[in-house]
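Chemist: All I have is the shape, not the residue letters:
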């Protein structure tokens, strides 16, 4: 039977609040490190390094906008379901593509046991609201993905396609049916947050 999840089923936890060497920290590291290119579209060890590096960079962010978040089941505080980050530049794509200054959503990944249950949509809605609540000036937000379902979710939140990215460092297609990564952007306007609609 399909369980219909809502945001109330989850705790959204910033990595900055998780003590290093805690049980939760090791649960996260084990989950991320277990990811594979074929099942998760991520190399777990490389992804964990990316998360740790962005977490360190986020500690000097005075606006508290840059963060890596983990989604835990509310009724099981040690069951991690998803992750996603708000970073200053995802894999230097902003510099490579010579984009105007902005921030990036990256590393969004739902645990393989929970895919297809609208959790990606819940997580993107959380990130969307978090950015809108936190910014104090108009801010461009970028992301890229080759996941067809993710593209539909981002479009639902008014991200606009800016075309495909032809860069070998991110287009690690597992087979010929995989799409190229597509760049999306959205301008968030400061002072316009009205809460969940």
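Modeler: Thanks, I have the structure now. Just so we're clear, the structure is a prediction, and the values are computed from it rather than from any experiment.
Chemist: so how many other residues sit close to residue 101?
Modeler: Residue 101 has 9 neighbours, counted by other CB atoms under 10 Å. In this view, the C-beta of every residue, glycine as well, is placed from N, C-alpha and C.
Chemist: doesn't it fall inside a helix?
Modeler: No: counting by DSSP: H, G, I helix; E, B strand; the rest coil, one finds residue 101 to be coil, located in no helix.
Chemist: burial measure for the nearest residue to it once chain neighbours are set aside, as a count.
Modeler: Of all residues not flanking residue 101 in the chain, residue 140 sits nearest, at 7.0 Å (CB to CB, 6 or more residues apart in numbering). Look at residue 140: counted by other CB under 10 Å, it has 15 neighbours.
Chemist: Residue 140 contacts residue 185, doesn't it?
Modeler: Yes: using CB atoms under 8 Å, residue 140 is in contact with residue 185, at 6.1 Å.
Chemist: okay, and the common contacts of the two?
Modeler: By CB atoms under 8 Å, 6 or more residues apart in numbering, residue 140 and residue 185 have these common neighbours: 99, 102.
Chemist: shaky segments in this protein?
Modeler: Under the criterion pLDDT under 70, the flagged ranges of the chain are 1-2, 167-178, 193-197.
Chemist: Which stretches in the chain count as helices?
Modeler: Assigned by DSSP state H, the chain shows helices spanning 23-33, 37-40, 44-58, 93-96, 119-134, 148-156.
Chemist: what angle separates the longest strand along the chain from helix 119-134?
Modeler: Longest strand of the chain, by residue count under DSSP state E: strand 76-87. Orientation check (axes from the mean of the first three to the mean of the last three CA atoms, to 10 degrees): strand 76-87 against helix 119-134 gives 60 degrees.
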